[in-house]
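# Sequence below, structure please.
(2 chains)
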Protein chains: 2
Amino acid sequence: VKCEVVAVGTELLLGQIVDTNSSWIGEQLAQAGIDSFFQTKVGDNFDRMKVAFGEALERSDAVIVTGGLGPTQDDITRNVIADLLGVELIRRQEIVDKIEAMFGLHGRKMPQNNLLQADVPAGAEPIPVQPGTAAGLVCPVGDGRVIYAVPGVPWEMKKMVTDFVIGDMRKRGGITSVIKSRTLRTWGSSESGLAEKLGPELERIDSAGGATIAYNASGIEGLKLRLTAKGDNEAHADEQLADGEARVRAIVGDDLIFGIDGETMEHAVLDLCRQQGLTLALAESLTGGLIGARMTAVPGSSDVFKGSIVSYASDVKSSLLGVTETLDVSEAAAVSMAGGVCAALSADCSVAVTGVAGPEPWQGVQAGTVYMTSMLDGVAKTTKVEWPFDRNRIREFTVINALNGLRLRLIARAESADTTSAAGDAP
Amino acid sequence: VKCEVVAVGTELLLGQIVDTNSSWIGEQLAQAGIDSFFQTKVGDNFDRMKVAFGEALERSDAVIVTGGLGPTQDDITRNVIADLLGVELIRRQEIVDKIEAMFGLHGRKMPQNNLLQADVPAGAEPIPVQPGTAAGLVCPVGDGRVIYAVPGVPWEMKKMVTDFVIGDMRKRGGITSVIKSRTLRTWGSSESGLAEKLGPELERIDSAGGATIAYNASGIEGLKLRLTAKGDNEAHADEQLADGEARVRAIVGDDLIFGIDGETMEHAVLDLCRQQGLTLALAESLTGGLIGARMTAVPGSSDVFKGSIVSYASDVKSSLLGVTETLDVSEAAAVSMAGGVCAALSADCSVAVTGVAGPEPWQGVQAGTVYMTSMLDGVAKTTKVEWPFDRNRIREFTVINALNGLRLRLIARAESADTTSAAGDAP
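Numbering: from 1, shown residues only, chains lettered A, B, ... in the order given. Purely as a prediction, here's the structure:
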């Protein structure tokens, strides 16, 4: 099955809004085993929309149009589809009722304009999933091909595509295979380093017909390793993914992989602390609060994360963290910060970072020089790096790298506790 | 002049990368007075690229292709253009020399693959601006139409488009008018509130042929008000922008506008503090360090920003900030935090925030409830809000809203100082 995506909206062409809808739909199509070879953006203009829809339909089995289903005069996707198919628009009372009920929920009366959202081209059907006032459309073209219209509002679009469009398209196309994917998030190896490690096995995995692997360097989100498997059914695809993951883990080692799918480095550190009953504090200099902001973006982080001291000025480093070193950016300063914040916040472990984010050198230290210390069980370990990046990337890499340092120590700590307790249990 | 954009790359269709290039180019075209009616994404496939380039060329005066100029086998934009125009590729020694020199700078030898980047279709010319190893192309089609090829790497693409493509296209199209725009960043009024205030004047401004105005709600970046003016020359366009800005300021008031173009709320607060010789500290609870992260993203913030205490846990609020209130999320707690952090960090003024980011209520307080306090000259002022947003938006709106509170007080402080000193100077 080939499916094109057409995103409608003059604001997309003008760059006022980036078209993330097509990208997201493209990802869903790929995972469902549906090819998408062209994706088009077009403005809210009748003739040009008709050209775009028509061309897409000629080249493909299915077209997903996103946008132009709102209640204003600009929203003409329904009209263009009806014209393209040479049919009339028919007002559907069941959609009118649905929209009126939604307005009623908020104690408001439905404006007359919204009636337009109940118009459906003859021969088409509304998409049964309708999260907002805009009804989506399934418009069969007659020779097995089909146009889907979904709203441009991302959450409404996503719900319709996930809960209806993909399944409907697979059914029409007779696709029964299942494609699933899993992302292993890694840190601690460059993309080329990881490729080198995995290279020989990769070919074997690929040729064995199992899961395929793709890389994606994603900055503060880590280096993502995405496994994709096609199976005859759900269980078969899951089996291949599990097999692929086991092979990858055997080669790169568990330590490199900090999370699966949506799990960030922050999740990993919070989980490890939680399992070991440890509280965490931060002492941030060049990151200015970015590590804390990331930690607290995770709901429920408050049982582990106690807080952070952002010591941007030198005198704050000394007064609150007890740093006595004359050089703010040094291993000794980072160690003092890590110890100081554990004491000040009564935390069990900590991460401290100090460095020069640039663009200018500072106290004679080059931009990109960063010291990262983890403090655990009273022992400080420090890493020094010199990054050739811009201010933003230096800060982002500091966040993930510093947290990873603590993560690796927490894993080792848990393992040694296991060994100790296993040894203790031995007869 | 009509110009289409074609973004090349299979990863764009698969949604592995969002195509921000087309959006950015679309914005540049609009500002240069060039229409862009269609924008297409296509994978790294010869036949399909030829279809996409050909269709775009048929409908338009100019086509900008972005992507597919790298040194690998996948990068075939040059080949497709040559085939479409029915000409050969010619290797250009001056480009080979340029690429070799770039590798030489880093002490490396140019791989043979990079020679492909020196191939130019007969009749075409390399774009004289070449920031990386990929040479851009200007390919005249013969009847006044033209294809431009630029890299997919954003910074290389942007430099070529800004420094060459837009000007070249305007010259070929005989466009002499100048379009300029200016964004006024506002905070403190909803989009509809602002529209209501500006409504009547907007029509007058528009009908008088001056600058036009568009809104764009941009979360933590504020509500953006974009003025766009078309003039016979640079000075004429500037004049209209200045006139438009003055009219807008007269209606909405200066206080609502915190920045121009790239100036964030953080810039505004840092500048006001700097002008008045004040240092700043933060006490953050629900934002977890996000305000500090934003402040320190501004290079040179260290002369004003002293640091932050992120008091996520209750005992940190009491031990480091001297908060004695039993309720962490209350006006009294926010005021104690603001005062406590000024004392702890020896700062002249501060911003403190405490609230419930959700999704769950906390200590019986509903998610979305936030107290924001500014402390200036020993006087605390607090705002309470109850936001119906998700966790992320609650945090983002807290950042910009809390900083805006201090900003308005700093402006008033400067004005009253002016009045006082003017009165003192009077005879």
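# Return the residues in contact with the nearest residue to A:P121 once chain neighbours are set aside.
Counting by CB to CB, 6 or more residues apart in numbering or on different chains, A:P121 lies nearest to A:A82, which is 4.0 Å off, once chain neighbours are set aside. C-betas here are computed from N, CA, C, even on glycine. Taking CB atoms under 8 Å, 6 or more residues apart in numbering or on different chains, we find A:A82 in contact with A:E88, A:L89, A:P121, A:A122.
# Around the third one, how many other residues sit close by?
Residues contacting A:P121 under the criterion other CB atoms under 10 Å in any protein chain shown number 23.
# Also the second one?
A:L89 has 17 neighbours, counted by other CB under 10 Å.
# from memory it sits against A:P121, does it?
Yes: A:L89 is in contact with A:P121 according to CB atoms under 8 Å; the separation is 5.9 Å.
# What distance do you get for the residue nearest to A:P121 to A:A124?
8 Å (CB to CB, to the nearest Å).
# Point out the residues in the stretch 201-350 of chain A that sit beside chain B.
With CB under 8 Å from any CB of the partner chain as the criterion, the stretch 201-350 of chain A comes near chain B at residues A:214, A:216, A:279, A:282, A:284, A:286-293, A:295-297, A:299, A:301-302, A:305-313, A:315-316, A:319-320, A:344-346.
# and the gap between the residue nearest to A:E156 when sequence neighbours are not counted and A:N114?
Spatial nearest neighbour of A:E156, chain neighbours left out: A:G132 (4.4 Å); criterion: CB to CB, 6+ apart. A:G132 sits 11 Å away from A:N114, taking CB to CB as the criterion.
# Repeat that for A:V96.
9 Å.
# next one: A:Y148
Taking CB to CB, one finds A:Y148 at 21 Å from A:N114.
# Neighbour count: the two, which is higher?
Applying other CB under 10 Å to A:Y148 and A:N114 shows that A:Y148 carries more neighbours, namely 26 against 19.
# Could you grab the helix/strand/coil label for the more buried one?
Three-state assignment for A:Y148 (DSSP: H, G, I helix; E, B strand; the rest coil): strand.
# After the lowest-mean-pLDDT helix or strand in chain A, which helix or strand is next?
Every helix and strand of chain A was ranked by mean pLDDT, DSSP states H and E. The lowest is helix A:191-207, at a mean of 72. Downstream of helix A:191-207, the first helix or strand assigned by DSSP states H and E is strand A:212-217.
# For that following strand, which strands pair with it and how are they oriented?
Next to strand A:212-217 in the sheet, as set by DSSP bridges, lie strand A:223-231 (antiparallel).
# how close does A:F37 get to A:S346?
When A:F37 is compared with A:S346 (using CB to CB), they lie 59 Å apart.
# Comparing those two, which shows the higher neighbour count?
A count of neighbours by other CB under 10 Å puts A:F37 above the other of A:F37 and A:S346, at 20 against 13.
# dump the residue contacts of the closest residue to the more buried one other than its chain neighbours.
In space, A:F37 comes closest to B:R48 once its chain neighbours are excluded; the distance is 5.5 Å by CB to CB, 6+ apart. Residues counted as contacts of B:R48 (CB under 8 Å, 6+ apart) are A:F37, A:F38, B:V42.
# Helix or strand for B:R48, just tell me which one.
Assigned by DSSP H and E, B:R48 falls within helix B:46-59.
# For whatever helix or strand comes next after that helix, the averaged confidence score.
Where DSSP H and E defines the elements, the next helix or strand beyond helix B:46-59 is strand B:62-66. Mean pLDDT, strand B:62-66: 98.
# Taking strand B:146-150 as reference, get the angle to strand B:62-66.
Per axes from the mean of the first three to the mean of the last three CA atoms, to 10 degrees, the angle that strand B:62-66 makes with strand B:146-150 is 20 degrees.
# can I assume A:G405 is in contact with A:K381?
Yes: counting by CB under 8 Å, A:G405 sits close enough to A:K381 to count as a contact (6.8 Å).
# With adjacent residues omitted, what lies nearest to A:I95?
A:A118 (3.8 Å).
# Residue numbers of the stretch 51-200 of chain A in contact with chain B?
For the stretch 51-200 of chain A, the contact set with chain B under CB under 8 Å from any CB comprises A:V51, A:A52, A:E55, A:R59.
# Most neighbours among those residues, please name it.
When neighbours are counted by other CB under 10 Å, A:A52 leads those with 26 neighbours.
# List the buried residues of the one helix or strand A:A235 maps to.
For A:A235, the host element (DSSP H and E) is helix A:234-252. Buried residues in helix A:234-252, counted by 16 or more other CB atoms under 10 Å in any protein chain shown: A:A237, A:Q240, A:L241, A:D243, A:G244, A:E245, A:R247, A:V248, A:I251, A:V252.
# does A:T133 really touch A:N113, like I thought?
No: between A:T133 and A:N113 there is no contact under CB under 8 Å: 10.2 Å.
# tell me, what's touching those two both at once?
Residues touching both A:T133 and A:N113 by CB under 8 Å, 6+ apart: A:P71.
# what about those two, which has more around it?
Between A:T133 and A:N113, A:T133 has the larger neighbour count (other CB under 10 Å), namely 21 against 12.
# which residues touch the residue nearest to that one when sequence neighbours are not counted?
Closest residue to A:T133 apart from its sequence neighbours, by CB to CB, 6+ apart: A:I99 at 4.9 Å. By CB under 8 Å, 6+ apart, the contact list for A:I99 reads A:M110, A:N114, A:Q117, A:A118, A:T133.
# Now do the SS call for the first one.
Meaning A:M110. At A:M110 the chain is in coil, as set by three-state DSSP.
# quick one: contacts for it?
Contacts for A:M110 (CB under 8 Å, 6+ apart) come out as A:I99, A:E100, A:F103.
# So the second one versus A:P126, what's the distance?
Relative to A:P126, A:E100 is positioned 15 Å away (criterion: CB to CB).
# element containing the residue nearest to A:T133?
If you go by DSSP H and E, A:I99 is part of helix A:93-105.
# Just the mean pLDDT for that helix, thanks.
90.
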